[in-house]
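Asks: here is a sequence together with a model predicted from it:
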Amino acid sequence: MKITVNDHTIEVFKDGYSIKNQFVELHSSKELLSYLLLKDESRLYFKDLSKIEHRTLNNALYGGIIADYQNDAFHIRTACLLDKTTSEVVFKLNVLKSNGLIEKIFWPEPLSIDDGYAVIPFRQGLIIPNDDTRELKMSFNGQFYSADAYLSMLGYVYQKGTVLMIAETPADSGYYKGSENGHNRFGFYHLPSLGSYEKERSLRYIIGAEGDYNTIAKAYRSYLKERGLFKSLKEKAIALPDIYKLARSAFVHTGIKTKVCEDSSFYDPNDPGKNDHLTNFKDRLKEIKQIAKAGIKDVYIHLDGWGVAYDNAHPDPFPIAMDAGGERGFKALVDGIHDLGYLFGIHDQYRDFYFHSKSYDASLAVESADGSNFAHNRWAGGWQNYLCASFAKDFVKRNFTRLHDLGIKLDCAYLDVFTCNEMDECFNEDHPMTRLECKNYREDTFKYLIDKQIIPSSEEVNEWAMNTLVFCHYAPYEFMMHEDGRFIGKAIPLFNLVYHDAVLIPWMMDKRDDDYMLYALLNGGLPYLRRDSAYPNIDGSFEGHKFTLNEALKRSKEVLKLADKVIFDEMIAHHFLDDACRKQETIFDNGIKVTIDLDRNTYNITKIK
């Protein structure tokens, strides 16, 4: 069936669609068709449902085609509509009958674009040429609201224009990479929420004229701002004025106590000395005073392992590490840091729910649909479930009230994994939780911190948190997370092109094959003066060139000098200046241009007139 609306022609078939206007003609894939993945792992393609009907819709706001796909067990309704105000294409999916049999829905068919490249929101961002069909390895199956997708969008840049594809209901959706005739096809999938598809899933395609990934990033930024999903650092600083001090600080990430429990997968029975490490509070303060003595005015100190031990016994960090000096030693460290004029914050964790914690109670854990509690022993604290996020704020409030009562003044707090790991859903009848509710509960913890004048941080960045999150542990390019520095595609600062002026990002300053300080400069970010690894060779912590304190200070001051000029400004463009992508530039809206040459290990900062 075909309909023409505002010079756009939309045609929907039983196995695909096409969109045409005077400039472009887009077709869906002929091989990667929409289907239901059923719980028995079989596939049921939309085109194979026994009853398929199409009808047109044309009202004051939208024009397009409604399609119904039915059999005795299922009724799926889709819509492909043109927004008459914006000329954007809106896809809607409603499941009217499913009998609880659907595990995942792959819809709509991905676009069939052979030339150009795809724009992918994997961590900081990637562009992948459409003929590069190598595997894209992702930790969270491409789920939005995870490190696989800092942004809830995909994009294409090709000979005739650009396409920005937005997941408008991202909490229960994700993206995947397929291939057809030697070319990539990126599409969307949709998950049930607590076993059902009661709520509509929606996508929006913005089809543009000639452009590049900058064009797509700026279109997405406009979309987010229009919908109230953007809050600048300056706006956040109205409630949290210490943001201005944090924005001129070098970052020191260090810790006090590490203990690898015997039931942890990291435990080494052959070398018990590797399992535990302790630096007392007094000695750590001496090190920080040496940093101050070396001559740097503003530093943020992030402290791991201040309680029972790093990644142990959460959500019960108490008692404060007795063998490191206990409560008095901890308070003396914090007070000493503040006496130096530095900011201080702690690592804390409200998802990993350790069996060894005093508060452990399986009835508070995330419950799966079959009534079980997912468990693993990946981290130092041993076996754990996941705490249902509906309880996270209550535990934060309990613990931070105790710290306050002890006289521990926190400037900042890092709540681990919230902006990195996918959203949880919980089937426990006493505290059911959808993924969208999980997102809201996580954000409630940040709001609580803001109310207490504590600057919130988490592991990475994600658009869902950008109205509350102020800074992060890192927001790296994906290649930085691999020891050999290799990964598919070309790394771009896609997230920063959208959100640079909304969040503070500290950058790794490692020197491997390339000097990562150049990326800190390119991105107008903040420097890590020191970044102690919690787990060797994990999360981007690899052995590399060791800098002396004076060398590290000199490098950090170079990055801070630039940050002082651009940290609150929009990144308006990024460009590769050679085919090998070894020369790059970024431009900020105050006219500052940063150019780096990775081969020569040089950079240049200029002001555009």
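Replies: That came through, no problem.

Asks: I figured Arg555 hits Arg530, correct?
Replies: No. Contact criterion Cβ atoms under 8 Å: Arg555 and Arg530 do not qualify, at 11.4 Å. For glycine as for every other residue, the C-beta is placed from the backbone atoms N, C-alpha and C.

Asks: pull the contacting residues for the residue nearest to Phe547 when sequence neighbours are not counted.
Replies: If you skip the residues right next to it in sequence, Phe547 has Arg555 as its closest partner in space, 7.0 Å away by Cβ to Cβ, 6 or more residues apart in numbering. The contact partners of Arg555, taken as Cβ atoms under 8 Å, 6 or more residues apart in numbering, are 509, 517, 527, 547.

Asks: ditto for Phe471
Replies: Contacts of Phe471 (Cβ under 8 Å, 6+ apart): 246, 412, 455, 457, 503-506.

Asks: which residues does it bridge with?
Replies: Beta-bridge partners for Phe471, by DSSP bridges, are Ser457, Leu504.

Asks: for Gly174, same thing?
Replies: Taking DSSP bridges, one finds Gln143, Tyr189 as the beta-bridge partners of Gly174.

Asks: roughly how far does it sit from Asp276?
Replies: 39 Å (Cβ to Cβ, to the nearest Å).

Asks: looking at these two, which is more packed in?
Replies: Gly174 (24 against 12; other Cβ atoms under 10 Å).

Asks: ok, the closest residue to Tyr197 other than its chain neighbours - how many residues close by?
Replies: Nearest non-adjacent residue to Tyr197, counting by Cβ to Cβ, 6+ apart: Val95, 3.5 Å away. Using other Cβ under 10 Å, Val95 has 20 neighbouring residues.

Asks: so Val95 lies in a strand, does it not?
Replies: Yes. Using DSSP: H, G, I helix; E, B strand; the rest coil, the secondary structure at Val95 is a strand.

Asks: now do it, the pLDDT please.
Replies: Val95 is assigned 98 on the pLDDT scale.

Asks: bridged to Ile19, which residues?
Replies: Beta-bridge partners of Ile19, as defined by DSSP bridges: Ile10, Leu26.

Asks: go on, Ile65?
Replies: With DSSP bridges as the rule, Ile65 is bridged to Thr56, Cys80.

Asks: how near is it to Arg486?
Replies: 44 Å.

Asks: which one's more surrounded, those two?
Replies: Neighbours per residue (other Cβ under 10 Å) separate Ile65 from Arg486, with Ile65 holding more: 22 against 9.

Asks: could you list the low-confidence segments of the stretch 501-609 of the chain?
Replies: Counting by pLDDT under 70, the ranges of the stretch 501-609 of the chain that qualify are 609.

Asks: which parts of it are strands?
Replies: With DSSP state E, counting those that start in this stretch as the criterion, the stretch 501-609 of the chain has strands at 506-507, 526-531, 571-576, 583-588, 592-597, 602-607.

Asks: low-confidence ranges in the stretch 251-400 of the chain?
Replies: Across the stretch 251-400 of the chain, nothing is flagged by pLDDT under 70.

Asks: re earlier: highest mean neighbour count out of the strands of the stretch 501-609 of the chain?
Replies: Among the strands of the stretch 501-609 of the chain, strand 506-507 has the highest mean neighbour count (mean count of other Cβ atoms under 10 Å), at a mean of 27.

Asks: what is it packed up against?
Replies: In this structure, strand 506-507 makes packing contacts with helix 517-522, strand 526-531, judged by 3 or more Cβ pairs under 8 Å, 6 or more residues apart in numbering; DSSP states H and E.

Asks: quick check: the closest residue to Ser458 other than its chain neighbours vs Leu343, distance?
Replies: Leaving aside its sequence neighbours, Ser458 sits nearest to Thr419 (Cβ to Cβ, 6+ apart; 4.1 Å). Distance check for Thr419 against Leu343: by Cβ to Cβ, it reads 20 Å.

Asks: of those two, which one has the most company?
Replies: Legend: neighbour count by other Cβ under 10 Å for Thr419 and Leu343, higher for Thr419 (29 against 21).
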